[in-house]
Every structure is written in structure tokens, then in C-alpha cells.
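Chemist: Build me a model from this:
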Amino acid sequence: MSTKKSVSKVVSINEQAYEQEAVREGADVVDETPELRPTVEMEIQAKVDSNHPEGMVDTSKDRIYGVTLAQEERIRAREEELERISVQAAFGRQEGRAERTRVVVEAARREQADERVDPREKLEREELRQVNQQAQRLTEDVQGGYTRAVIGKRIASRVLEDADMFEAVMDTKEEMQHEAGTIVPIGDLESIRRGEVSVEGRVIELWEPSSSAIQQVGLLEDETGRTKFTIWAKSRQTMVREGERVRFRAAAKNWYNGRCSIALTRWSEIVFPERESWWE
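Modeler: This next block holds a predicted model:
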């Protein structure tokens, strides 16, 4: 059995140039350029490639028809690269979102670092003296467990923000009064923006309760004013006496006929400073 092999004639560049020159001069030229046709081996090989395990075996929609696995991997990789470039371009059109995010993160880090720095260190000597003096005064006026250092830092921070000393002190005092757990003056109860407050004063009068649900009711007074207080029976609080100094913690604010009063619930607490000092 003999096999005929196709022989292709190689046409040099010089021969092609000679033929083109002859055509321009009108000479008869016999076109000896061979017709390129697939040989039998090429047709067989094409059929083998298309049915090879690495060729187009899977004809599902997830495969690219007519290419080998290696070709398909290159195509898929290129598509993924184009998709990545497209996504980056889309983010770039959103007015620098990545850059803005980086700036915000850096600002937050700087703010955290600044919090670890004592603002009093940036004050002039005279300013620092006034801040320490006012901080000591506020520790006596505002009873909330604040130390002079904590109050001084708050005042100093406001001074560094171009607030004058008086404004910085008053803003700091108001801020602490509105924080939970701070003993507030009775005269300022109406302006406190909390539903629960802590006050301290002296019981100047007790009344007969109008309901069995009430344990005690009376008036509490300090240097700034007085307010009515109610101790509910369900709160199971310690009984108070007239003339006794008490501290009510987490007392609920109530309003009646435009006036503010307080009530002690089961979540409230009564402290007796004079009793504690006597035991000590």
C-alpha cells in the first residue's frame, strides 16, 4: 500500500518579483504558484484534533466550541484580565473612592494618636495654670467621679480649639452634667437632656402617700432648688427620714403641671452620705 505525499513548491522572493515585472512588461507568464489545499494527513489530523480528549470533547455551554483546552484557558485568562481592568476603571470613575477611603483611614489613625496626647502639654504656662484651677473647681461642683486630670483635658481641648477660658469651662461643665451618673443640681433638672438623673440634697418634708403603691413622697432640696420625689413601693428602697441628706441615683424624671419631679424605681439607688460617714 503506497501513500502519496503532497509536495509543495516553494516560490522564492526573487521569482515572485520576476513574475510581477513580467506582468508589467506585458509578457506571458505561466502562473506556476501551487494551489494550497489540505493534504489527506492534514484532514485526518484535523478530525483527530477535534475529537481528541484535549480537544473539543465537551460541547456544553460552559465550553468554547472549536478550541482546545489550552486555547480555552488562554481565552478565559484574557477575559478575566479585561474584567479586572474594567472594574478598576469603574472605581476610578467614582471620583477617587479608594483615595478618599485611604484619607479617612489615615485621619482616624491621626485622631486616635492625638487622643493619647495630653492637650494640656500644648498650652502656655498661664493657660495651663488657669485650666488646672478651673478643673479643680469643677471637681467640687460636679459630682460624678471625675478627676481633676480628666476635667483638665476636656477644658484644654476646648481652649486649643480657640474657645476662651470661660466658654471652655462652662461647656465642659454642661457636658459632664448631661452624662449619666453625674450628680446634677436640682435647679438644673429641667434642662438636663436625660430621662434618668442623679441628685443629692436634704429631705425637708415627707407627706402621707395618697396610694398604697407609693412607699414615700416628699421634697428634696439643695443649694440650687427643691423638687418633689416619689419612692414607689415596688422599688423596695430604704426608708428616708426628714432632715436626712440623701443621694438618689438613676431617678426617673417626671413632669406634672409643667413642673419637673423625680421618682425612684427598682432600678434606682439611695445613698446616705451622712450614715456612711458615721459608720466610718
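Chemist: Could you chop the protein up by domain?
Modeler: 34-101, 119-177, 195-279 (automatic domain parsing).
Chemist: Comparing those domains, which yields the minimum mean pLDDT?
Modeler: Note on the domains of the chain: lowest mean pLDDT is at domain 34-101, with a mean of 63.
Chemist: Which residue ranges of the protein form helices?
Modeler: Along the chain, the stretches classed as helices by DSSP state H are 13-24, 40-51, 69-92, 97-115, 125-141, 148-160, 165-177, 273-279.
Chemist: can you list the domains of the chain in CSV and add distance to residue 183?
Modeler: The way it works is simple: take the backbone N, C-alpha and C, and place the C-beta from them, glycine included. Listed next are these as CSV, based on distance: least, CB to CB, whole Å:
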stretch, distance to residue 183
domain 34-101, 44
domain 119-177, 4
domain 195-279, 5
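Chemist: any chance of those in CSV, with mean neighbour count too?
Modeler: Putting the domains of the chain into CSV (neighbours: other CB atoms under 10 Å) gives the following:
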stretch, mean neighbour count
domain 34-101, 11
domain 119-177, 16
domain 195-279, 15
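Chemist: in the sheet, who's paired with the residue nearest to residue 259 when sequence neighbours are not counted?
Modeler: Closest residue to residue 259 apart from its sequence neighbours, by CB to CB, 6 or more residues apart in numbering: residue 228 at 7.8 Å. Here residue 228 sits in beta bridges with residue 219, going by DSSP bridges.
Chemist: isn't residue 228 right up against residue 218?
Modeler: Yes - assessed by CB atoms under 8 Å, residue 228 is found in contact with residue 218 at 7.5 Å.
Chemist: that older thread, how much space between the residue nearest to residue 259 and residue 163?
Modeler: For residue 228, the distance to residue 163 (CB to CB, to the nearest Å) stands at 37 Å.
Chemist: The residue nearest to residue 159 when sequence neighbours are not counted and residue 195, how far apart?
Modeler: Spatial nearest neighbour of residue 159, chain neighbours left out: residue 168 (5.0 Å); criterion: CB to CB, 6+ apart. Between residue 168 and residue 195 the distance is 28 Å, computed by CB to CB.
Chemist: Also residue 227?
Modeler: Using CB to CB, one obtains 15 Å as the distance from residue 227 to residue 195.
Chemist: cool, and residue 172?
Modeler: From residue 172 across to residue 195, the span is 23 Å (CB to CB).
Chemist: for residue 75, same thing?
Modeler: Counting by CB to CB, the gap from residue 75 to residue 195 is 67 Å.
Chemist: for residue 275, same thing?
Modeler: On the measure of CB to CB, residue 275 and residue 195 end up 28 Å apart.
Chemist: show me the contacts for residue 266.
Modeler: The contact partners of residue 266, taken as CB atoms under 8 Å, 6 or more residues apart in numbering, are 232, 234-236.
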